[in-house]
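Engineer: the following block contains a protein sequence and its predicted model.
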Amino acid sequence: MEYKNIAVGLDIGTTKIVAMIGAYNEYGKVEILGIGRAKSLGVHRGVVNNITQTIQSIQAAVQDAETQTSMKIKEVVVGIAGQHIRSLQHSDYITRSNSEAVIDPKDIEKLVSQVYKLAMLPGEEIIHVLPQEYKVDGQPEIKEPIGMYGGRLEANFHVVVGQLSSIRNVGRCIKSAGLELAEITLEPLASADAVLSQEEKEAGVALIDIGGGTTDLAIFKDGIIRHTAVIPFGGNVITEDIKEGCSIIEKQAELLKIKFGSAWPGENKENEIVSIPGLRGRDPKEITLKNLSKIIHARVVEIIEQVYLEIKNYGHEEQKKKLIAGIVLTGGGAQLKHLKQLVEYITGMDTRIGFPNEHLAGDSDSEATSPVYATAVGLLMNALENSRHKYVEIPGKESPQSAEEKPLTKVEHEPQKPIRRNFLERWSEKFRDFLDNAE
């Protein structure tokens with residue numbers, strides 16, 4: 001089958017780096033063509049702290065994906081997370097010179113670009129400006145002002161801010177790995193695209209993405225993003241606690257967590273014991289599953305309580321802001337046994353595990369629909385959606401062309417949301433220029 005619209009999402013996580021190549025099939029669903037993965041070295045709590053190792057890991061993941069698909073990756077959409085991410089609410093307005101003309105996309109672009117000029121703390125950069133509701137001449141709760149008459153256009157914005165140095169470091173790694181950076185997207189937003197349905201976003205839902213180094217939160221209500229947060233704890237701190245608590249090495253702690261771990265201590269009987277081989281001629285260690293789940297439980301409760309605090313900060317207890325669809329858990333950490341029940345117990349909110357199959361083709365590989373790949377699938381969707389012109393080299397097996405003359409597939413998409421994209425394109429361009437000049 002000949003694919004035209006091919007794109008790549010690159011998830012730079014704390015534990016793994018995933019390069020996902022995909023395309024739209026004839027039904028408009030996302031078909032995954034290849035998943036390249038590599039162990040992530042040089043990323044700590046979602047932030048790059050070793051450039052050289054991160055570049056090597058990115059190259060390994062990309063090569064893996066290229067080998068699977070016989071394609072050459074040139075451009076990627078990358079996710080950003082980490083404890084430096086914060087979000088804020090901001091209101092802004094413009095006064096239109098001609099109130100006799102209807103509001104058009106240029107007016108909204110002007111308003112959004114005004115928000116991008118907000119003065120931030122030193123060393124911070126605005127990553128996303130997401131309009132919430134608009135007001136036209138004082139008339140509130142307008143979702144789509146284009147085509148309306150009015151002199152004063154006002155809007156509430158959800159502004160996502162990150163540390164400039166961290167964003168630059170990610171850009172530097174991409175560039176040094178021989179790739180082009182198409183766009184940077186906030187990881188909780190990417191995960192939300194992959195696992196949430198439109199109905200859930202309308203009803204009100206909190207997406208909790210438990211990764212290795214961070215736990216990302218995105219809250220939606222009335223179909224609009226209302227709150228985002230990145231909590232600097234994830235599955236790795238649970239592994240670390242098991243390692244310390246049971247005096248074993250990290251590899252064993254990780255395996256114990258995956259195979260026998262449970263977030264609910266009441267589940268295990270006192271006499272259930274697992275034996276771990278000792279190091280170099282030492283006696284094996286015996287660990288009760290009850291103790292193991294007590295260690296896991298204590299840390300998981302801490303993570304959930306931090307997330308719940310953020311949900312309360314958003315105002316979940318107010319009637320108007322109630323999250324009717326409850327919580328959706330995704331990411332690798334969501335696979336922990338009995339986590340769903342524990343989250344329901346602590347928060348009192350309906351909870352489900354989010355699998356990124358909402359927009360994937362029906363015959364997708366079961367591995368790709370695992371919660372582990374939620375962010376990668378979201379980034380791939382983002383890449384397909386946002387890139388109207390993508391070039392991917394497809395080696396022509398039957399064509400006698402030389403390596404230099406391999407055909408390039410040009411992809412053209414109709415832009416669905418031109419305003420947001422224009423701005424992000426411009427921001428990405430500015431960022432790419434900055435990287436070029438920084439050399």
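Structural biologist: Arrived safely.

Engineer: so is the closest residue to R37 other than its chain neighbours in a helix, a strand, or just coil?
Structural biologist: Closest residue to R37 apart from its sequence neighbours, by CB to CB, 6 or more residues apart in numbering: V18 at 5.0 Å. Bear in mind the C-beta positions are built from the backbone N, C-alpha and C, glycine included. Classification of V18 using DSSP: H, G, I helix; E, B strand; the rest coil returns strand.

Engineer: mind listing the residues bridging to V18?
Structural biologist: Beta bridges link V18 to D11, R37, judged by DSSP bridges.

Engineer: cool, and A7?
Structural biologist: Beta bridges link A7 to G22, judged by DSSP bridges.

Engineer: do you know how far it is from D365?
Structural biologist: 18 Å (CB to CB, to the nearest Å).

Engineer: of the two, who's got more company?
Structural biologist: Using other CB atoms under 10 Å, the more surrounded residue of A7 and D365 is A7, with 28 against 11.

Engineer: my guess is that one meets V377, correct?
Structural biologist: No: look at A7 against V377 with CB atoms under 8 Å: they stay out of range, at 11.9 Å.

Engineer: for the residue lying farthest from the centre of the chain, helix, strand, or coil?
Structural biologist: Within the chain, the residue lying farthest from the chain centre (CA atoms, centre = their mean) is G281, at 43.8 Å. Here G281 is coil, with the state taken from three-state DSSP.

Engineer: quick check on it: phi, psi?
Structural biologist: phi 80, psi 0 (degrees, to the nearest 10).

Engineer: next SSE after the helix or strand harbouring K175?
Structural biologist: Assessed by DSSP states H and E, K175 sits inside helix 164-176. Counting by DSSP H and E, the element after helix 164-176 in chain order, helix or strand, is strand 180-186.

Engineer: just want the angle from that following strand to helix 164-176.
Structural biologist: 150 degrees (axes from the mean of the first three to the mean of the last three CA atoms, to 10 degrees).

Engineer: would you mark the buried spots in strand 180-186?
Structural biologist: Buried residues in strand 180-186, counted by 16 or more other CB atoms under 10 Å: L181, A182, E183, I184, T185, L186.

Engineer: double-check the second one against K74; I have them as touching.
Structural biologist: Put plainly, it is A182. No: using CB under 8 Å, A182 makes no contact with K74, being 9.4 Å away.

Engineer: pick out the residue closest to the middle of the protein.
Structural biologist: In the chain, the C-alpha nearest the mean C-alpha coordinate belongs to E187, at 2.1 Å (CA atoms, centre = their mean).

Engineer: per-domain residue ranges of this structure.
Structural biologist: Using automatic domain parsing, the domain parsing of the chain gives 1-82+163-194+358-439, 86-162, 235-294.

Engineer: now do the shortest one: distance to the chain's middle.
Structural biologist: Using CA atoms, centre = their mean, to the nearest Å, the mean C-alpha position of domain 235-294 is found 30 Å from that of the whole chain.

Engineer: next, count neighbours for the spatially closest residue to S197 that is not a sequence neighbour.
Structural biologist: Spatially, and ignoring its direct neighbours in sequence, S197 is nearest to E358 (6.0 Å; CB to CB, 6+ apart). Other residues near E358 number 19, with proximity taken as other CB under 10 Å.

Engineer: one more: the one 5 residues further on?
Structural biologist: As a burial measure, the neighbour count of D363 was computed by other CB under 10 Å and equals 8.

Engineer: give me the three-state assignment for it.
Structural biologist: The three-state label given to D363 by three-state DSSP is coil.

Engineer: from N357, how far out is it?
Structural biologist: 11 Å.

Engineer: okay, how far is it across stretch 238-258, tip to tip?
Structural biologist: 11 Å (CA to CA, to the nearest Å).

Engineer: list the buried residues for that stretch?
Structural biologist: 238-239, 241-243, 245-246, 248, 252-257.

Engineer: who touches it?
Structural biologist: Residues from elsewhere that reach stretch 238-258, judged by CB atoms under 8 Å, 6 or more residues apart in numbering: 235, 261, 274, 276, 279, 285, 287, 291-292, 295-296, 298-300, 333, 335-336.

Engineer: now the helices for the chain?
Structural biologist: All helices of the chain, identified by DSSP state H, fall at 51-69, 105-116, 164-176, 187-195, 198-203, 235-246, 250-260, 289-314, 339-347, 374-386, 418-438.

Engineer: what's the angle between the longest one and helix 339-347?
Structural biologist: Comparing the axes of helix 289-314 and helix 339-347 via the same axes, to 10 degrees yields an angle of 50 degrees.

Engineer: and helix 289-314, what does it pack against?
Structural biologist: With contacts taken as 3 or more CB pairs under 8 Å, 6 or more residues apart in numbering; DSSP states H and E, helix 289-314 sits against strand 205-210, strand 215-221, strand 224-231, helix 235-246, helix 250-260, strand 273-276, helix 339-347.

Engineer: that helix to strand 224-231, inter-axis angle?
Structural biologist: Helix 289-314 runs at 130 degrees relative to strand 224-231, counting by the same axes, to 10 degrees.

Engineer: can you give me the buried ones in helix 289-314?
Structural biologist: 289-293, 295-297, 299-300, 303-304, 307-308, 310-311, 314.

Engineer: deepest of the domains of the chain, which one?
Structural biologist: Stretch with highest mean neighbour count among the domains of the chain: domain 1-82+163-194+358-439 (a mean of 19; mean count of other CB atoms under 10 Å).
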